[in-house]
Structure formats: C-alpha cells, structure tokens
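**Student:** just the structure for this:
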Amino acid sequence: ISLVLPNLQPAQVGFYAVSVTNAFGGTVSSNAVLMLSGVTFNLWQGLVGYYPFNGDATDASGNGNNGVVTGATPTTDRFGNPNSAYAFNGSAQYITVPNAPSLNTATQLTMAAWVNFGTGGSGDPRIISKETTFGVDAGYELSTVGIASQRQAGIYVCTSGPLNSAQTLNAGQWVHLLAT
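**Tutor:** This next block holds a predicted model:
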C-alpha cells in the first residue's frame, strides 16, 4: 500500500502517525517523519512566514500569510537574481501581511531578513513590524535605527522594550539581521 500526498508545502514537514480503521477495529502506526527533498527539517518547524520574493510577496511557508505590496518595486537580491528582493524609497512604500492568529506570538519569536539600505528615509525604518492594539502586549519589530549611512539594528518587543545592536551597519552593503 502506498500513500500519495500531492501539493505538499514546507510547513507540512514534521512527524505524523497513520490511523487505519475498518469494521473490525483500528490501529495507529508509530511516528514517521515527513520530509521534502531540499527542505531542511528543523527550519520549517514553527515557521509562520517565509518570503523568498519570487516576483511577489507570497508566503512560501504554506501558512497563507501572503503580503500585499504597496509602492515597493522588485529588484535584484544579494546573489544578483532579478525580482528576488524589494526596493523601498523610505516613504509610504511597504508590504502588508493581514493579521492572522499564527502571527501572534506568546513566548517565542525569531525574525530574520537580508537588508541593503541607503541613506535617508524616515527615522528608524521598520523591516518587520507587527503592530498592536493599544494596551495589548503582542507587538514586535525588527528595524534599523537612524536615517544616516551608518545605522544599528534594533529589535522591539512590547513586553520588553527596545534593544539596539552594538555593531554599526553600513549603507550599500547586504547584511543579515536576526533577532531571537
């Protein structure tokens, strides 16, 4: 007997058991691992959003947290691939992801992004930002701090306040920002 699972998404990687039932009873298999070729198992566990920017802001995690692009333009990524990153002019250009329960973190959060910023724009440009309703401690953001050619990375979580990096980031260079 074989089991065919069409259209699997990376978010479906994980541990599963198979339950078989008929008129005479049923049984449950021991746990088995469902893996996809080319997908690192641990990377996808708990992932709520993944945006490779393959010409749009579709969430590739399989959770449906798709982004809507407003004004930002597709550009070349850090590897030279066209239409695999977005350029923002620093004013009224953004990608919005509608609110969803999967984006409301309670205890654990990791945010990561590759960025290459220029000078100017609004103060402390946000890279990832989850806004909150006043009085609700559920927001978070990853940003660069400042508007000059040298900035710091910043993280803000409503329950703990802001924290800025000690390292200076230089304009015109790709840098990987990660906050846990």
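**Student:** next, count neighbours for the nearest residue to residue 32 once chain neighbours are set aside.
**Tutor:** Take residue 32 and drop its neighbours on the chain: the residue closest to it by C-beta to C-beta, 6 or more residues apart in numbering is residue 16, 5.9 Å away. (C-beta placed from N, C-alpha, C; glycine too.) By other C-beta atoms under 10 Å, 13 other residues sit near residue 16.
**Student:** gap between residue 16 and residue 37?
**Tutor:** Distance of residue 16 to residue 37, computed by C-beta to C-beta, to the nearest Å: 17 Å.
**Student:** ok, now residue 70?
**Tutor:** Distance from residue 70 to residue 37, by C-beta to C-beta: 35 Å.
**Student:** which of those two has more neighbours?
**Tutor:** Just comparing residue 70 and residue 37: by other C-beta under 10 Å the higher neighbour count belongs to residue 70, 11 against 4.
**Student:** helix or strand: which one has residue 128?
**Tutor:** Here residue 128, judged by DSSP states H and E, is contained in strand 126-130.
**Student:** for that strand, what is the average pLDDT?
**Tutor:** Average pLDDT, strand 126-130: 82.
**Student:** when you give positions from now on, start the count at 151
**Tutor:** With 151 as the first residue, the last one maps to strand 276-280.
**Student:** much appreciated, bye for now.
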